[in-house]
Structure formats: C-alpha cells, structure tokens
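Undergrad: with the sequence up front, the predicted model follows.
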Amino acid sequence: MWCVLPKVRYSKVRLLHPLCQFDVCRHEVRYGCQREDSCSFAHSVIELKCWVLQQDTGITQEEMVQESKRHWHRLEQSAQKQKLDLGASGIAGEVF
Ligand SMILES: [Zn+2]
C-alpha cells in the first residue's frame, strides 16, 4: 500500500500543500505540464495517491518512507524467523 518513490521525473511526488487539487493534471497526461512544480494538480497517479494518504492520515512523506522501510524490515524478519522455526523443529525431530 505504500508508494515507492521512483526516480523517474514524471512520477516525482511533491509535498502536499493547501492548494493541491486532488486530480491528475490533464496537461501532464497529454503533453507534459509547463507549470511543473508550481502546478497544483497531481502529475501522476502515485503523486495523487500520496496526497490522498497524507490528507487522510496526516502522515508526512518522511513518515511514509520510514513506515515502508519498517514494513519491509518486518517482512524480512518474519521470513528469517520461519526459517529458524523450520530448522529447530528439524533438529528436534532428529533428537527425539
Ligand atoms: Zn500540471
């Protein structure tokens, strides 16, 4: 559910500001928006989603990045734990 921040130009996610329009910019979709960063419309669906998320939860972009890092860390940890559990039961099976 967390947006990754890709390095491609048009998927850049700007910070949510009070003038943000919760819609994707029509110019950007068609031929690229001249206003770039000063445009109040989202320039990608990802950007729009990030804004909606920030609006709904009050989460900052920094927190989003931290949260997604924690999320991946948890996934890694649970994957390692499963391996350990399997290993332990394997040994127990041999001993008893
Ligand atoms: Zn625009």
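TA: Right, received. Where do you want to start? Numbers count the residues shown, from 1 in each chain.
Undergrad: ok, the lengthiest strand in the chain near the ion or not?
TA: Criterion DSSP state E: the longest strand present in the chain is strand 21-24. No. Judged by Cβ under 5 Å from the ion, strand 21-24 stays clear of the ion, getting no closer than 8.8 Å. The C-beta positions use only the backbone N, C-alpha and C, and glycine is treated the same way.
Undergrad: can you tell me the SS state at residue 13?
TA: coil (DSSP: H, G, I helix; E, B strand; the rest coil).
Undergrad: pretty sure it sits against residue 46.
TA: Yes. Using Cβ atoms under 8 Å, residue 13 is in contact with residue 46, at 6.3 Å.
Undergrad: which one's more surrounded, these two?
TA: residue 13 (21 against 18; other Cβ atoms under 10 Å).
Undergrad: what does the more buried one show for phi and psi?
TA: Backbone torsions of residue 13, given as degrees, to the nearest 10, read phi -110, psi 120.
Undergrad: isn't residue 19 up against residue 40?
TA: Yes. Counting by Cβ under 8 Å, residue 19 does reach residue 40; the two are 4.5 Å apart.
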